[in-house]
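Asker: this is a predicted model, with the sequence first.
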Amino acid sequence: MTPARKMALLFSACAILASGLVAREGWELKAAPDPVHGNAVPTACAGVTHGIDPNRTYTEAECVQITMLSVVKHAAPIQACIVHDMPPAFLAEMADMSFNIGSGGFLKSTMCRQMKAGNYPAACDAILLYYRAGAEDCRTSRKCRGLWLRRQDAHRKCRAALK
């Protein structure tokens with residue numbers, strides 16, 4: 001696959017991801033504690049955690065910029081997992097997982113390995129392996145039940161993108 005095709009796929013995936021990110025993560029101008037990690041991991045804008053000042057309120061323009069930079073930061077490294085052509089909506093779900101678990105974790109994940117192998121259904125199924133938030137098992141914990149519901153939704157959307 002050519003570098004230009006990889007970039008075109010990533011650009012499409014980032015556009016899809018950005019459009020759905022606010023709906024999934026919410027939109028908060030004032031930094032807030034993470035539901036599981038508390039004040040140790042402040043979040044703002046569309047669920048961004050990196051570089052967020054816990055004592056700050058951001059403007060709309062700052063949040064748009066912060067969110068888009070975060071989307072690109074987490075999506076760009078997954079180019080290493082793209083070996084074959086794939087549906088942009090599938091890649092958007094993979095980019096969302098990279099945004100959520102971090103690009104370093106994504107690059108070491110079963111999702112990336114299965115993408116490289118061209119086994120996209122298995123890459124989708126691997127989303128369900130990420131059911132923890134810190135020490136919490138989100139399949140059963142009330143603190144992070146939303147994360148598990150989100151993983152199930154991402155899995156469903158990922159599989160649907162392959163049809």
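Answerer: Sure, I can see it.

Asker: drop to CA atoms for contacts and neighbour counts, all remaining ones
Answerer: Will do.

Asker: what's the neighbour count on R145?
Answerer: 17 (other CA atoms under 10 Å).

Asker: and it, how far is that from L128?
Answerer: Distance, R145 to L128, using CA to CA, to the nearest Å: 13 Å.

Asker: got it, and G134?
Answerer: When CA to CA is the yardstick, G134 and L128 sit 16 Å from each other.

Asker: now do A92
Answerer: 16 Å.

Asker: pull out the buried residues from whichever strand or helix holds H74.
Answerer: Here H74 sits within helix 60-75, counting by DSSP states H and E. Neighbour-count burial for helix 60-75, counted by 16 or more other CA atoms under 10 Å, picks out 63-64, 66-68, 70-72, 74-75.

Asker: helices and strands around that helix, which ones?
Answerer: The criterion is 3 or more CA pairs under 8 Å, 6 or more residues apart in numbering; DSSP states H and E, and the helices and strands that helix 60-75 contacts are helix 3-25, strand 38-45, helix 88-101.

Asker: count the neighbours of A76 for me.
Answerer: Residues lying near A76 (other CA under 10 Å) number 17.

Asker: could you give the bridge partners of the closest residue to V64 other than its chain neighbours?
Answerer: The shortest distance from V64 to any residue other than its chain neighbours is 7.5 Å, reached at C45 (CA to CA, 6 or more residues apart in numbering). Applying DSSP bridges to C45 yields these beta-bridge partners: E28.

Asker: more neighbours, G134 and L128?
Answerer: Counting neighbours by other CA under 10 Å for G134 and for L128 shows that L128 has the greater number, 16 against 10.

Asker: can I take it that that one is in a strand?
Answerer: No - secondary structure of L128, determined by DSSP: H, G, I helix; E, B strand; the rest coil: helix, with no strand assignment.

Asker: would you mind measuring from it to Q114?
Answerer: Summarising the geometry, the distance separating L128 from Q114, computed by CA to CA, is 14 Å.

Asker: likewise S98?
Answerer: Applying CA to CA to S98 and Q114 gives a distance of 14 Å.

Asker: with neighbour numbers in mind, choose between those two.
Answerer: Higher neighbour count among S98 and Q114: S98, with 25 against 18, using other CA under 10 Å.
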